[in-house]
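The following comprises the amino acid sequence and a computationally predicted model.
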Amino acid sequence: MDFLPGKSLCELAELLGCTFVGDANHLVSGINEIHRVRPGDLVFVDHPKYYDKALNSAATTILIDKEVDCPPGKGLLVSKTPFNDFNKLTRHFSPFNPWETNRGEQLQIGKGTKLFPHVSLGSNVTIGEDCVIHAGVVIHDNTVIGNRVVIHANAVLGADAFYYQKKEGKYSKMHTCGRVVVHDDVEIGALCTIDKGVTSDTVIGAGTKMDNHVHIGHDTVIGRNCLFAAQVGIAGCVTVEDDVVLWGQVGVISDIRLGKGAVVLGQSGLMQDLEPGKTYLGSPAQEARAKWRELGMIRKLPEIIEKLK
Amino acid sequence: MDFLPGKSLCELAELLGCTFVGDANHLVSGINEIHRVRPGDLVFVDHPKYYDKALNSAATTILIDKEVDCPPGKGLLVSKTPFNDFNKLTRHFSPFNPWETNRGEQLQIGKGTKLFPHVSLGSNVTIGEDCVIHAGVVIHDNTVIGNRVVIHANAVLGADAFYYQKKEGKYSKMHTCGRVVVHDDVEIGALCTIDKGVTSDTVIGAGTKMDNHVHIGHDTVIGRNCLFAAQVGIAGCVTVEDDVVLWGQVGVISDIRLGKGAVVLGQSGLMQDLEPGKTYLGSPAQEARAKWRELGMIRKLPEIIEKLK
Amino acid sequence: MDFLPGKSLCELAELLGCTFVGDANHLVSGINEIHRVRPGDLVFVDHPKYYDKALNSAATTILIDKEVDCPPGKGLLVSKTPFNDFNKLTRHFSPFNPWETNRGEQLQIGKGTKLFPHVSLGSNVTIGEDCVIHAGVVIHDNTVIGNRVVIHANAVLGADAFYYQKKEGKYSKMHTCGRVVVHDDVEIGALCTIDKGVTSDTVIGAGTKMDNHVHIGHDTVIGRNCLFAAQVGIAGCVTVEDDVVLWGQVGVISDIRLGKGAVVLGQSGLMQDLEPGKTYLGSPAQEARAKWRELGMIRKLPEIIEKLK
């Protein structure tokens, strides 16, 4: 999320009732979680294990639970409860907004776009030209949809990120305020879900096509002209480059990168980065040729055991 | 399902037009399927293979297709078609109720609860305070929801149990009359389904969080503070103890128990009970360390085969 | 799709602005994609690799990108862009129809059928007697539903086929105009999707029961009295014979045949035809007994490796 206009370090310290380290006028131009930080952003950290990662990230303001040395040119907000205070900031600048009617405020819908019955649209939703939004689709606040996009029935865009902090055995929810951004010529199947970013955007690149029941997690960025078959599930913070093909029921763990043009066969489970242009199979997945060879060898086990007798 | 007030054995025999064995005034205080029976309950059985299980279960009244010795203190209803007569009882005491408007009767909604557009609520639904029910959610009859529960868009609570009896090649449906009970501070993702119990309750414990596209079968009881990632599927009659974590696309077979704090990695398939506190992987799942070791050994198969030559 | 009345070869050539080979009055009685062609049908082909398949198929008219020898009794339409011209024909004879209200035109609903709130019905939908259509269900144009069918909440019948042609790195969508046909006594779980055929029908046979989150692809034909557990995914153009049982999260690749009475255990992945009456397990699936034996042998690998030392 961007602050428009930007805020000063001391202004945010005052809002949170916490102390700060650095220039009082140090500019905070936005807020993001650690996977998506840019210069100008505020990030939070509340465990010594992650101090270095947060302090040395692109973020220039760190909301932290201990007064540490402040990197040059950056600012610290020192709080006893960074998670809660991060939530306080996102709630303050992006409050929860229950729209009681089928259509939120500040809705923009382009020429030639058709909406079927029982569509629910949140506030500040933008839909381009010549789109088709089928019956029962739910599009949450701040979603941006390009031109010639088709969204099939009962799909949900912009539900909350699945993002919690576990403290003393209980899960605390992060108040999420990111967006979903869908580029031109995308087709989204019936009953798909695309969650909004925690503070940044979940992005679907132009020309990408998804079959039914596909799940895309928060802050995941999908490239152009990808093809996802039914029941594919992609966790949060994944980067999928252009032209990637995922066949049915493939699962993708969070925070990995799938190289351009990679092809993943059905039911595979991805637990690490994929190289561009290669074909993968298995759970956990390997290059398909290696996996087929391995499956062939497993078929030979009876023979091997016989030989050993 | 509880009978309020309880019924007598002879009253039910009369309703079904069948004979009975035992005290005419023997009390029947409820009705349940075999996995969820309690003292006072009626259960049915229609195959000699399961007679002993039914007669010796906690149930104190048995609807059975043969006159057998009645265990002391229990009662028998002897019917030619126990399955059909069980259905007759549930239909009689919990009739199907088509609500033609968006809101059923006897609806209770607590203070501070927000309902988004296109929500459909059945009869006798109770929702606590400070909940958020997103657009397109469907909540069937008799569902009970605690406080501070969030249900994301197009989720469905209380659909019929997937429960049939196969006779002469065709599936007969059990008329199901159980409930869904969701405790405080639960979050249910977009497009999740939680089916109602056959005659008992499907329960989601306090503080449990589910991502999108999760399926919870009939009569399954989930503990407190569990975490289920997207596209997890749990069959009916499963017991999940507190603090269990299931990662994406995990599948769980019916009628098993997952011990407290067990963690199951993505795409695993559970076919038997899990011990508390351990981590599991694979389909069928094993302890994760054993599975990783096994995967490592499979990688060595080419070398083994080479040595054998 | 059938043309009623049929069209002549020269009439279609004129509509497309292309040339033809064969009798000007040659009858074209319908249009279908290659997996579902019948005598009288038009099919398209735009790659030399598939010329023979298309020319020798049951189809009697071939929309092709090169003038080739015309098989006796057949007709050719010769076009530079057969894919686009096929789309032009389906759009012409089955135009896209945005229904702005909850109910399309020409709706037929049988006696005793109950519709819950927020149901969206397309044009030319037929629903038989004594059905229950739960809240939020979306039924697209031309769908035919038999008697005593139950469709649970938020399910979607008749969404577009997931069918594209990749040209120069981009996916072009086939305008699909087939139907969904659901026979008597079928039960469809909450949040299921059954896609319409490309030009032919997706069929669910009488007495078949599906749990929640099941996906059925375009042109797939399901037999009678099948049972599909939750989160099963079946791709397009699959033939499932009678009495097949698929347990939870099974995935089925396109264009295969599952023999009568086959049983597939949970999470299995089917990549080739199944024989009737057998039980299968694994991804890729094998006969269950062979797979269990294989899993047992893998368990013995440590011992084998020990012996080799």
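Nice, I can see it.

can you pull the alpha-carbon coordinates of stretch A:119-136 into CSV?
Written as CSV, here are the backbone C-alpha positions of stretch A:119-136 (Å, rounded to 0.1, in the frame of the first residue of the first chain):
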residue,chain,number,x,y,z
VAL,A,119,-22.4,-10.2,-8.9
SER,A,120,-21.1,-8.5,-5.7
LEU,A,121,-18.6,-5.6,-6.3
GLY,A,122,-16.7,-3.9,-3.4
SER,A,123,-15.6,-0.3,-3.2
ASN,A,124,-13.2,1.3,-5.6
VAL,A,125,-13.3,-1.6,-8.1
THR,A,126,-12.2,-0.8,-11.6
ILE,A,127,-13.2,-3.1,-14.5
GLY,A,128,-12.1,-2.4,-18.1
GLU,A,129,-13.9,-2.7,-21.4
ASP,A,130,-15.6,-5.7,-23.0
CYS,A,131,-15.3,-7.9,-19.9
VAL,A,132,-17.7,-10.6,-19.0
ILE,A,133,-18.4,-11.1,-15.2
HIS,A,134,-20.5,-14.1,-14.8
ALA,A,135,-23.2,-14.8,-12.1
GLY,A,136,-22.3,-14.9,-8.5
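
Tell me the buried residues in that stretch?
By neighbour count with 16 or more other Cβ atoms under 10 Å in any protein chain shown, stretch A:119-136 contains the buried residues A:119-128, A:131-136. (Glycine included, C-beta is placed from N, CA and C.)

Can you get me a residue count around residue A:104?
21 (other Cβ atoms under 10 Å in any protein chain shown).

re the thing from before, among the buried residues of stretch A:119-136, which are in reach of chain C?
The subset of those lying close to chain C, counting by Cβ under 8 Å from any Cβ of the partner chain, consists of A:132, A:134, A:135, A:136.

If we check chain B, which of those residues are in contact?
Contacts with chain B are made by residue A:136 out of those, judged by Cβ under 8 Å from any Cβ.

follow-up on the earlier one: which ones among the buried residues of stretch A:119-136 map onto strands?
Those of the buried residues of stretch A:119-136 mapping onto strands are A:120, A:121, A:126, A:127, A:132, A:133, per DSSP state E.

so which of these comes closest to chain C?
residue A:132 (7.3 Å; Cβ to the nearest Cβ).

Name all residues that make contact with the closest one.
With contact taken as Cβ atoms under 8 Å, 6 or more residues apart in numbering or on different chains, residue A:132 is in contact with A:113, A:114, A:116, A:149, A:150, A:151, C:98.

do you know how far it is from chain B?
18 Å (Cβ to the nearest Cβ, to the nearest Å).

before we move on, what about residue A:111?
Distance from residue A:111 to chain B, by Cβ to the nearest Cβ: 25 Å.

Any idea how many residues pack against that residue?
A total of 8 residues lie near residue A:111 under the criterion other Cβ under 10 Å.

Ramachandran coordinates for residue A:150?
Backbone torsions of residue A:150, given as degrees, to the nearest 10, read phi -110, psi 130.

so residue A:286 sits right up against residue A:280, yeah?
Yes - taking contacts as Cβ atoms under 8 Å, residue A:286 lies within contact range of residue A:280: 6.7 Å.

Just want to know which of those two has more residues nearby.
Remark: of residue A:286 and residue A:280, residue A:280 carries more neighbours, 24 against 17, as counted by other Cβ under 10 Å.

wait, what's in contact with that one?
Residues in contact with residue A:280 (Cβ under 8 Å, 6+ apart) are A:262, A:263, A:264, A:265, A:268, A:270, A:274, A:286, A:287, A:288, A:291.

out of those residues, who's nearest residue C:203?
residue A:265 (27.5 Å; Cβ to Cβ).

For the closest one, give its distance to residue B:232.
Residue A:265 sits 22 Å away from residue B:232, going by Cβ to Cβ, to the nearest Å.

Find the centremost residue of chain A, please.
With distances taken as Cα atoms, centre = their mean, residue A:219 lies nearest the centre of chain A, 1.7 Å away.

How many neighbouring residues does the closest residue to residue A:27 other than its chain neighbours have?
Nearest residue to residue A:27 in three dimensions, chain neighbours excluded: residue A:6, at 4.9 Å (Cβ to Cβ, 6 or more residues apart in numbering or on different chains). Counted by other Cβ under 10 Å, the residues lying close to residue A:6 total 12.

contact partners of the host helix or strand of residue A:6?
According to DSSP states H and E, residue A:6 maps onto strand A:2-8. The contact list for strand A:2-8 (Cβ under 8 Å, 6+ apart) reads A:24, A:25, A:26, A:27, A:28, A:29, A:30, A:31, A:40, A:93.

So which of those residues wins on neighbours?
For those, neighbours tallied by other Cβ under 10 Å; top is residue A:31, 29 neighbours.

Touching, that one and residue A:87? I think so.
No - look at residue A:31 against residue A:87 with Cβ under 8 Å: they stay out of range, at 10.7 Å.

coming back round to it: dump the ones in strands among the buried residues of stretch A:119-136 to JSON lines, plus distance to residue A:192.
Compiled in JSON lines, those are given as follows (distance: Cβ to Cβ, whole Å):
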{"residue": "A:120", "distance to residue A:192": "15"}
{"residue": "A:121", "distance to residue A:192": "17"}
{"residue": "A:126", "distance to residue A:192": "19"}
{"residue": "A:127", "distance to residue A:192": "16"}
{"residue": "A:132", "distance to residue A:192": "14"}
{"residue": "A:133", "distance to residue A:192": "13"}
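
circling back: following the strand holding residue A:6, which helix or strand shows up next?
That would be, after strand A:2-8 and using DSSP H and E, helix A:9-16.

would residue A:230 count as being in a helix?
No - Residue A:230: not assigned to a helix; according to DSSP: H, G, I helix; E, B strand; the rest coil it is coil.

ok now do it, which residues does it touch?
Contacts of residue A:230 (Cβ under 8 Å, 6+ apart): A:189, A:211-214, A:248-249, C:162, C:193, C:215, C:217, C:233, C:235.

can you rerun that using 6 Å?
If you count contacts by Cβ atoms under 6 Å, 6 or more residues apart in numbering or on different chains, residue A:230 has them with A:211, A:212, A:213, A:248, C:215, C:233.

The first one is in contact with residue A:189, isn't it?
So the one you mean is residue A:211. Yes - the criterion here is Cβ atoms under 6 Å, and residue A:211 meets it with residue A:189 at 4.6 Å.

Of those two, which one has the most company?
With neighbours defined as other Cβ under 10 Å, residue A:211 and residue A:189 compare such that residue A:211 has more, 32 against 28.

What are the boundaries of the helices in the stretch 1-150 of chain A?
When assigned using DSSP state H, counting those that start in this stretch, the helices of the stretch 1-150 of chain A occupy the ranges A:9-16, A:48-55, A:82-93.

now for those, which one comes closest to chain C?
helix A:82-93 (29.9 Å).

Could you check that closest one against chain B for contacts?
No - Helix A:82-93 does not reach chain B (Cβ under 6 Å from any Cβ of the partner chain); its nearest approach is 13.9 Å.

Now that helix: average pLDDT?
Summarised as a single mean, pLDDT over helix A:82-93 is 92.

Name all residues that make contact with the nearest residue to residue A:184 once chain neighbours are set aside.
Counting by Cβ to Cβ, 6+ apart, residue A:146 is the residue found nearest to residue A:184 once chain neighbours are left out, at 3.9 Å. By Cβ under 6 Å, 6+ apart, the contact list for residue A:146 reads A:128, A:183, A:184.

how about 8 Å then?
Counting by Cβ under 8 Å, 6+ apart, residue A:146 makes contact with A:128, A:182, A:183, A:184, A:185, A:186, A:206.
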